[in-house]
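J.: predicted coordinates and the sequence they were generated for:
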Amino acid sequence: MEAMSVELDNQNSEDPGSPPMKNIDIWKDILNSAKFIVAPMVDASELPWRLLCRRHGAQLCYTPMLHSSVFCRDPKYRKEALVSTPEDRPLIVQFCGNDPDILLEAALLAEGHCDAIDINIGCPQAIAKRGHYGAFLQDDWDLLRRIVSTLSGKLKIPLTCKLRVFPEIDKTVRYALMLQNAGASLLTIHGRTREQKGPLTGLASWKHIRAVREAVKIPVFANGNIQCVQDIEHCIQETGVQGVMTAEGNLYNPFIFEGRYPPSWEPAEEYLDLVERHPAPSSYIRGHLFKLFQHTLCLAENQEERAILARNSTMESFRHVVQAVKNRYLPYHEGRLSWRKRNDDDQMESSLDYNLTLPPWLCQPYVRDSPQEHLNKVEAKRMELESNGEDKRKFQDEEGNEVSHKRLKKLRRIARRPNRSLSMKRRSDLCTACPNPLGFKCEYKLCRQCCRNKCFKENLDCPGHRNLTKTRRQMAIEFAAQRDDNKEVI
Ligand SMILES: Cc1cc2nc3c(=O)[nH]c(=O)nc-3n(C[C@H](O)[C@H](O)[C@H](O)COP(=O)(O)O)c2cc1C
């Protein structure tokens, strides 16, 4: 299981132009032989969460995916994205993008703050398709080769890639070899194809991961199917990888690497204490608490706490929810009361396929339906609607096409908007500065973030985005002048 030294010049038979000699063993020398790895997670692998996980066995963490172009041009985004502490190491900063020069510029700005740079070539979301990044670069090996060789050739720290597999094992192996030969120092293989997402996620293929591990000389991390610490050992045995990365398993139980299933309030309280010292957006905090309390908040008796968590954004309300759940279940946890599933919960549970082996207040995996189970359920629902005469598609749009009730409601909402034709046309447009959707009322034809940057730099207002930078600055100047006048009078 030893990671081999990376002598890229020797391997670079496919791409003679790229990387210089880098005689390092990234896994041993830089990443301290990390075996337990917290995945990059947008809105979720932020500093306080990483610190929590590190205290409980995580040996390597990634930042959430950062947009390379926004990172280059927006100092505020950069500052927030790079927030870290000395304990937060080793740390890998992950970027997405498709322009080698922009990715390089972003990586150079980040390299002093981390131990390696990772390129996300596994994101399967629609936004990645529109922006042509993530897993959609799988179709453009030449571009990927240029990205990897440019960055690995110019950075002082190693360049790694996180990728998804192709359905075919041999193509996946060729793909991994191409990345290695272009200069990647380590590969994280998420053993799912880009089509395996949402309810069709299903199982990851460790066979693909093993084949890559056997073919490449650089270290490999495995990702997928990790719900408990035993899965990690199992995965290492089956695939021979150096380390194992988990995302969802870690979100539902941040103590996963210690092999513990703590009462959910334990990590929740520790996380909130960390947030007091290292603030995070309330949406991230809410997301974490929903996952930690997944199995209690779906019970009928906790609907008030669920609503409080959904509607509020203050630390006080977050602490209130944690304390309320703790007060309710601590007597059971300590054995002062005996727990038994109550009937009034059955209805809530059935909709979630609630099938726990541990009591609900303990952090534990959230097991989804398999894709086949999901498709069977969709089909059963459709047949039920049909037999009740409630065909989902009995509604029609303006052109007489059959649509679902949900779609019809959306079309009606769109129709009620002022400037309908204009708004519909513009909504399909993209921001002129980045691949994100355009704010359709924006003065400058930009998305919210780009508009905010423009207004900040050029001292402008954008009423469409309700951004009043210029007005506020003017007010501040007037206020300061008024204050100075008052001082003089005094
Ligand atoms: C909330 C969330 C955010 C994610 N964000 C990222 C990301 O920023 N970059 C990335 O490469 N993958 C991201 N992923 C994918 C995970 O890193 C991981 O590859 C995937 O969830 C499979 O691992 P798992 O089976 O352990 O969940 C995200 C996953 C989740 C659940």
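T.: Sure thing, it's come through.

J.: only C-alpha atoms from now on, for both contacts and neighbour counts.
T.: Fine.

J.: all the helices of the stretch 51-200 of the chain, in order from the start?
T.: Ranges of helices in the stretch 51-200 of the chain, per DSSP state H, counting those that start in this stretch, are 68-73, 75-81, 100-110, 126-131, 141-154, 169-182.

J.: need these in CSV (columns: distance to Gly287, mean neighbour count and mean pLDDT).
T.: Putting those into CSV (distance: least, C-alpha to C-alpha, whole Å; neighbours: other C-alpha atoms under 10 Å; pLDDT from 0 to 100) gives the following:
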stretch, distance to Gly287, mean neighbour count, mean pLDDT
helix 68-73, 24, 20, 96
helix 75-81, 18, 14, 95
helix 100-110, 27, 20, 98
helix 126-131, 21, 15, 93
helix 141-154, 33, 21, 98
helix 169-182, 33, 21, 98
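
J.: closest one to Pro262 among these?
T.: helix 75-81 (29.6 Å; C-alpha to C-alpha).

J.: other SSEs contacting that closest one?
T.: Packing partners of helix 75-81 (3 or more C-alpha pairs under 8 Å, 6 or more residues apart in numbering; DSSP states H and E): helix 68-73.

J.: counting by contacts, list what the helix it packs on packs against.
T.: Helix 68-73 packs on helix 75-81, helix 100-110, going by 3+ C-alpha pairs under 8 Å, 6+ apart.

J.: quick check: angle from the last one to helix 141-154?
T.: If I follow you right, that is helix 100-110. 30 degrees (axes from the mean of the first three to the mean of the last three C-alpha atoms, to 10 degrees).

J.: how about CSV for the helices of the stretch 51-200 of the chain, with distance to the ligand added?
T.: Below are the helices of the stretch 51-200 of the chain laid out as CSV (distance: least, C-alpha to the nearest ligand atom, whole Å):
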stretch, distance to the ligand
helix 68-73, 13
helix 75-81, 12
helix 100-110, 15
helix 126-131, 11
helix 141-154, 16
helix 169-182, 16
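
J.: tabulate the ones you listed (CSV), appending distance to Leu446.
T.: Converted to CSV, the helices of the stretch 51-200 of the chain look like this (distance: least, C-alpha to C-alpha, whole Å):
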stretch, distance to Leu446
helix 68-73, 13
helix 75-81, 17
helix 100-110, 19
helix 126-131, 15
helix 141-154, 27
helix 169-182, 34
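
J.: nearest to Ala34, of those?
T.: helix 169-182 (19.9 Å).

J.: please compute how far the closest one lies from its chain's middle.
T.: 25 Å (C-alpha atoms, centre = their mean, to the nearest Å).

J.: which bits of the stretch 101-250 of the chain sit near the ligand?
T.: By the rule C-alpha under 6 Å from any ligand atom, the part of the stretch 101-250 of the chain lying against the ligand is Asn120, Gly122, Cys123, His190, Asn223, Gly224, Asn225, Ile226, Thr246, Ala247, Glu248, Gly249.

J.: does the fourth one touch Cys161 like I think?
T.: This points to His190. No. His190 is beyond contact range of Cys161, at 10.6 Å (criterion: C-alpha atoms under 8 Å).

J.: so what's the residue count around the residue in the chain that the ligand sits nearest to?
T.: Proximity of the chain to the ligand (C-alpha to the nearest ligand atom) peaks at Met41, 3.1 Å away. Counted by other C-alpha atoms under 10 Å, the residues lying close to Met41 total 17.

J.: need the per-residue pLDDT for the nearest residue to it once chain neighbours are set aside.
T.: Spatial nearest neighbour of Met41, chain neighbours left out: Pro64 (4.6 Å); criterion: C-alpha to C-alpha, 6 or more residues apart in numbering. pLDDT, Pro64: 98.
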